[in-house]
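Undergrad: can you look at this prediction? I've put the sequence above it.
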Amino acid sequence: MFEREAPVDTTLVLHPQSGASDPARVEARLEEAAGLAEALGLAVDEVRAETLRKIEPGTLFGRGKVEAIAAEVEERGVRVVVIDADLSPVQQRNLEKAWKAKVIDRTGLILEIFAERAQTREGRLQVELARLSYERSRLVRTWTHLERQRGGRGFLAGPGETQIETDRRLISERMAKLRKELEEVKRTRSLHRKRRQAAPWPTVALVGYTNAGKSTLFNRLARAQVLAKDMPFATLDPTMRAIRSPSGRKILLSDTVGFITDLPTELIAAFRATLEEVLEADILVHVRDVSDPDHEGRKRDVEDVLEALGAGAAHDQIIIEAWNKADRLDAEARDDLKWRANLPKQPDKPAVAVTSAVTGEGIDTLMALVERALAAEDVILRLKIAPQQSDALAWLHENGEIMDERSDPETGATYAVARLSGSDAGRFRSRFPGLEIAEEKAAAE
């Protein structure tokens, strides 16, 4: 769906690093930066780290480094240089002049990918607002190169618009309009959310680093067809499906946008409404790509973003880790992973399932962990149901787990023992008043 024509622009990707750095983290950042550039259709010629002795306010790199890279850019015919860091507007302009090539920083690269991938109206509005906020600080034609690739689809006029005053006015007017449109969309989402809360099904949200396999796992659990590709940010718009657990419990499952190291602040603000599904979820399933050499670093990145959003274990949300892509490991590594997953858990440590969303390995274990977490608040109802109240028994079969059921041949009454979530038990009492009910807390499993 997002395939471009063959890349035509030779691209150099540079990751500035200062001081002592973890080699595994640097390697992971280089691989990720290359993946981001390629996801945008750029032909990556080389990816490398560049050491910074100190940060120069005007150019980021020192004078000698800037000149050396300029000579390299000219010799190799490089047209785009991606800097895997945030650049100030002055740094970006100065580097473009020095290198005579388009310079894109990490935030600009991610924003452009988001602009390509957003599908829903809300997603497109949020991305455009974030891009405008980023662009307003620059007031330069950052996207001229990429507008040509997109056939002239830009959020401002195409190449040729040169008056900064006109740009400033257009940006301000467009941002004001976008904010009004987003408020309307948020009101609609709020109504939908209230409707879901009226039917109090627990919500399970899949979270994790971008490209960890969340959408593939979502498709397997929900039997859905959400786009799942081996690329950064294949999913940008949240998707929800109602599913049933193995015991028949109804669950709302949510697929969310992937997180990333140094997520641009513009996008955290712009996607806060989208990520409300994460904030309100009863359980977070943290999908981790255990085939990634830096998966522990990725875990910390995700936890940092969750904390910035006001979500996660620190905010009393239950977290279950799905150690995904186990099929990419050799047999010995996979066995070691399963051994570690089965170690006794401490109270403050998440439960773990070793999974492969592609092969289905570990899915039953994962759902059992979700079931166990949801069951922590369950109650047991012991009921006597008269023959004329058969609709109550049918409701219990539909919404709970019947643990025991027997009929009295003399009176025709049914004696049932049913397990329900706390909210469902409340709904049952309201819907069928007058029944003889004894309630007790379900025993922890």
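TA: Great, that's in hand. Everything numeric here is computed off the predicted structure, so don't read it as measured data. Numbers count the residues shown, from 1 in each chain.
Undergrad: show me the shaky parts of the stretch 1-150 of the chain.
TA: For the stretch 1-150 of the chain, the stretches with pLDDT under 70 are 1-8, 20, 119, 139-150.
Undergrad: what do you get for the stretch 301-445 of the chain?
TA: Scanning the stretch 301-445 of the chain for pLDDT under 70 picks out 347-348, 442-445.
Undergrad: show me where it has strands.
TA: With DSSP state E, counting those that start in this stretch as the criterion, the stretch 301-445 of the chain has strands at 318-324, 351-354, 379-385, 401-407, 414-420, 436-441.
Undergrad: just these: most buried one?
TA: Mean neighbours per residue, mean count of other C-beta atoms under 10 Å, is largest over the strands of the stretch 301-445 of the chain for strand 318-324, with a mean of 24. C-beta here means a position set from N, CA and C on the backbone, and glycine is covered the same way.
Undergrad: now the strands: where do they sit in the stretch 101-250 of the chain?
TA: With strands called from DSSP E, counting those that start in this stretch, the stretch 101-250 of the chain shows them at 102-105, 203-208, 239-244, 250-255.
Undergrad: what residues of the first one count as buried?
TA: Put plainly, it is strand 102-105. Residues of strand 102-105 classed as buried by neighbour count (16 or more other C-beta atoms under 10 Å): 102, 103, 104, 105.
Undergrad: for residue 307, what are its contacts?
TA: Applying C-beta atoms under 8 Å, 6 or more residues apart in numbering to residue 307 gives the contacts residue 314.
Undergrad: oh, that last question was meant for residue 392, not what I typed.
TA: Contact analysis of residue 392 by C-beta under 8 Å, 6+ apart lists 383, 385, 428, 431, 432, 435.
Undergrad: if we use 7 Å, what do you get?
TA: Each residue near residue 392 by C-beta atoms under 7 Å, 6 or more residues apart in numbering is listed here: 385, 432, 435.
Undergrad: which residue sits closest to residue 279, ignoring its sequence neighbours?
TA: residue 311 (5.1 Å; C-beta to C-beta, 6 or more residues apart in numbering).
Undergrad: gap between the one you found and residue 249?
TA: For residue 311, the distance to residue 249 (C-beta to C-beta, to the nearest Å) stands at 23 Å.
Undergrad: wasn't residue 293 part of a strand?
TA: No. Residue 293 is assigned coil when assessed by DSSP: H, G, I helix; E, B strand; the rest coil, not a strand.
Undergrad: can I assume it is in contact with residue 25?
TA: No. Here residue 293 lies out of contact with residue 25, judged by C-beta atoms under 7 Å, at a distance of 9.7 Å.
Undergrad: quick one: which of the contacts of residue 392 is nearest to residue 279?
TA: Nearest to residue 279, judged by C-beta to C-beta, of those is residue 432 at 33.6 Å.
Undergrad: what are the phi and psi values for the closest one?
TA: Here is the backbone geometry of residue 432 (degrees, to the nearest 10): phi -130, psi 70.
Undergrad: for it, give me its contacts.
TA: residue 392.
Undergrad: next, format the strands of the stretch 301-445 of the chain as TSV and append distance to residue 278.
TA: Formatted as TSV, the strands of the stretch 301-445 of the chain follow (distance: least, C-beta to C-beta, whole Å):
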stretch	distance to residue 278
strand 318-324	11
strand 351-354	19
strand 379-385	28
strand 401-407	28
strand 414-420	26
strand 436-441	29
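Undergrad: minimum distance to residue 43: which of the ones you listed has it?
TA: Minimum separation from residue 43 across those (C-beta to C-beta) falls at strand 318-324, 30.0 Å.
Undergrad: listing partners with orientation, what would you give for the closest one?
TA: Next to strand 318-324 in the sheet, as set by DSSP bridges, lie strand 283-289 (parallel), strand 351-354 (parallel).
Undergrad: how big is the angle separating it from strand 203-208?
TA: 50 degrees (axes from the mean of the first three to the mean of the last three C-alpha atoms, to 10 degrees).
Undergrad: what does strand 318-324 rub up against?
TA: Outside strand 318-324, the residues that touch it by C-beta under 7 Å, 6+ apart are 212-213, 217, 282-290, 312-313, 337, 341, 350-357, 366, 369-370, 373.
Undergrad: could you rerun that using 8 Å?
TA: Contacts for strand 318-324 (C-beta under 8 Å, 6+ apart): 208, 212-213, 217, 282-290, 312-313, 337, 341, 350-357, 362, 366, 369-370, 373.
Undergrad: how near is residue 88 to residue 138?
TA: Per C-beta to C-beta, residue 88 is found 9 Å from residue 138.
Undergrad: if you could redo that for residue 332, that was the one I meant.
TA: Separation of residue 332 from residue 138 (C-beta to C-beta) stands at 51 Å.
Undergrad: pick out whichever of those two has more residues nearby.
TA: Neighbour count, other C-beta atoms under 10 Å: between residue 332 and residue 138, residue 138 has more, with 16 against 8.
Undergrad: ok, residue 293 and residue 25, which is more surrounded?
TA: Each of residue 293 and residue 25 has its neighbours counted (other C-beta under 10 Å); residue 25 has more, 17 against 13.
Undergrad: helix or strand for the closest residue in space to the more buried one that isn't next to it in sequence, which one?
TA: Using C-beta to C-beta, 6+ apart and skipping residues adjacent in sequence, the residue nearest residue 25 is residue 297, 5.3 Å away. For residue 297, the host element (DSSP states H and E) is helix 295-309.
Undergrad: now the strands of the stretch 101-250 of the chain in a markdown table, with distance to residue 421?
TA: As requested, the strands of the stretch 101-250 of the chain are exported to a markdown table (distance: least, C-beta to C-beta, whole Å):
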| stretch | distance to residue 421 |
| --- | --- |
| strand 102-105 | 48 |
| strand 203-208 | 12 |
| strand 239-244 | 13 |
| strand 250-255 | 9 |
